[in-house]
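>>> after the sequence you'll find the predicted model.
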Amino acid sequence: MSGGARAEAAQEPSDAPSGEPSARRADTRNVRTYRRLLPGDRVVVVAPSGPVEPARLAAGEAALRDLGLDVAVGKHALDRVNLDGSAPARDARRGLAGGDAERAADLADAWCDPDVRAVICARGGYGATRVLDLLDWTALAAATEADVAAAGAPKILHGSSDVTALHAAFGARLGITTSFGPMAAGLLAGPDTAASGTDGDRAWSIDALRGALFGGGTALPGARALRPGRAEGPLTGGTLSLLTALLGTPYAPPPAAGRIAFLEDVTEAPYRIDRMLVQLLQAGWFDGAAGIALGSWDRCGDPDELDAVFAARLGGLGVPVLAGVPAGHGARQGTLELGAPAVLDADRRTLAAGGAR
């Protein structure tokens, strides 16, 4: 089926009961929602992707402790190697936070520790896709079931950007919701010199994180409706370039049928964003999507050109499209519970997920 035919099929009537929107419903009966944190809960910061600056990691740890959490750090979080695994690293910001096996071990050790309630990623960059083949998914699943038996719900995996690869794999393979939001050595540590932002933006982001992880979160505001309407469904998606990178792999994100797809990215030119959207459309990933929420597109070119790209590529799906949601790489980074039931109201310009009101 061609991309155009898929877009037409996405608008055909569904089997939903009368009175319901024609957007398809996704089956979420087997998805377990993560347990909200409590003061004193133990969390572990790991670095599954790019190398971490020690000062920013320390600042992020302090921010997490200010939330009342007991914070530990993975054994290899401050390691630095080149892409080929050699050391010393040639660049403080590029390369990897240790070898693939070491990064995978830190992640697995934290996830399988019954005393840990959340695994917080330090930063993005590159490298999360390289650990996926090294994870013992049987052991991770057993640890998840043990958490559910002991605490009534799984622990939290939190991060964004490159961590989208982990969100997709953990969500699909472990049947859990995960948390997409600001990271320990990212915005939690203070505004990044590469992006604009104020202390007020950071405070807003930390408040949003607190609500999402501890409970009592509120809906995120959108800036403008590119296509009106209201949609309900589980939230899926993440950073666009990672979603496309996973296509054709064993860790590809499940199709967005019946779901609200959240998309964002950083430093990608409009033509590259257009190309990635075309790839997802041609792969059928958007078939039957219930709605689209567009986050921040930090340093991605002319906003008007981006809106034109989004309208041209996504408007044909015939579903609500809300742009300007403050989540992703921007100055304000809201936290979203991927896999959780969500409501997108493009007319009121809001996106609520995971019990947010």
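Structure received. As the structure is a computational prediction, the values presented were derived from the model and not from experiment.
>>> give me the below-cutoff pLDDT ranges for the chain.
By pLDDT under 70, the low-scoring segments of the chain are 1-29, 192-196, 357.
>>> scan it for its longest strand.
For the chain, the longest strand by residue count, based on DSSP state E, is strand 230-239.
>>> paired strands for it, with orientation please.
Paired with strand 230-239 in the same sheet, following DSSP bridges, are strand 260-266 (parallel), strand 341-345 (antiparallel).
>>> after it, which helix or strand is next? Please name it.
Using DSSP states H and E, the helix or strand that follows strand 230-239 in sequence is helix 240-246.
>>> all strands for the stretch 101-250 of the chain, in order.
116-121, 156-159, 178-180, 220-221, 224-227, 230-239 (DSSP state E, counting those that start in this stretch).
>>> other SSEs contacting the shortest one?
When contacts are defined as 3 or more C-beta pairs under 8 Å, 6 or more residues apart in numbering; DSSP states H and E, strand 220-221 sits against strand 350-353. Bear in mind the C-beta positions are built from the backbone N, C-alpha and C, glycine included.
>>> ditto for the third one
In terms of contacts (3+ C-beta pairs under 8 Å, 6+ apart), strand 178-180 is packed against strand 156-159, helix 164-174, strand 336-338.
>>> got the angle for the longest strand of the chain vs helix 164-174?
For strand 230-239 against helix 164-174, the angle by axes from the mean of the first three to the mean of the last three C-alpha atoms, to 10 degrees is 120 degrees.
>>> off-centre distance for strand 230-239?
Distance of strand 230-239 from the chain centroid (C-alpha atoms, centre = their mean, to the nearest Å) equals 11 Å.
>>> export it as PDB, just CAs?
Extracted in PDB, the C-alpha atoms of strand 230-239 (Å, rounded to 0.1, in the frame of the first residue of the first chain):
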ATOM      1  CA  ARG A 230      -9.700  15.800  20.100                       C
ATOM      2  CA  ALA A 231      -8.200  12.400  20.400                       C
ATOM      3  CA  GLU A 232      -7.700   9.700  23.100                       C
ATOM      4  CA  GLY A 233      -5.200   6.800  23.100                       C
ATOM      5  CA  PRO A 234      -2.000   5.600  24.600                       C
ATOM      6  CA  LEU A 235       1.000   8.000  24.100                       C
ATOM      7  CA  THR A 236       3.800   6.800  21.900                       C
ATOM      8  CA  GLY A 237       6.800   8.200  20.100                       C
ATOM      9  CA  GLY A 238       9.700  10.300  21.200                       C
ATOM     10  CA  THR A 239      12.700  11.700  19.300                       C
END
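>>> for the strands paired with strand 230-239, which one ends up most surrounded?
When the strands paired with strand 230-239 are scored by mean count of other C-beta atoms under 10 Å, the highest mean neighbour count falls to strand 260-266 (a mean of 26).
>>> how close does the nearest residue to Pro303 once chain neighbours are set aside get to Met276?
Excluding its sequence neighbours, the residue lying closest to Pro303 (C-beta to C-beta, 6 or more residues apart in numbering) is Trp297, at 7.5 Å. Note on Trp297: its distance to Met276, by C-beta to C-beta, to the nearest Å, is 12 Å.
>>> thinking again about what came up before, export the strands paired with strand 230-239 to TSV and append columns for distance to His158.
As requested, the strands paired with strand 230-239 are exported to TSV (distance: least, C-beta to C-beta, whole Å):
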stretch	distance to His158
strand 260-266	15
strand 341-345	17
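>>> and of these, who's closest to Ala353?
strand 341-345 (3.8 Å; C-beta to C-beta).
>>> for the nearest residue to Arg123 once chain neighbours are set aside, give me its contacts.
Once flanking residues are discounted, Arg123 sits nearest to Ala185: 4.6 Å by C-beta to C-beta, 6+ apart. Taking C-beta atoms under 8 Å, 6 or more residues apart in numbering as the criterion, Ala185 is in contact with Ala47, Val52, Glu53, Arg56, Leu57, Ala59, Gly60, Ala122, Arg123.
>>> equivalent analysis for Thr129, please.
Per C-beta under 8 Å, 6+ apart, neighbours of Thr129: Asp162, Ala165, Leu242, Ala245, Leu246, Thr249, Tyr251.
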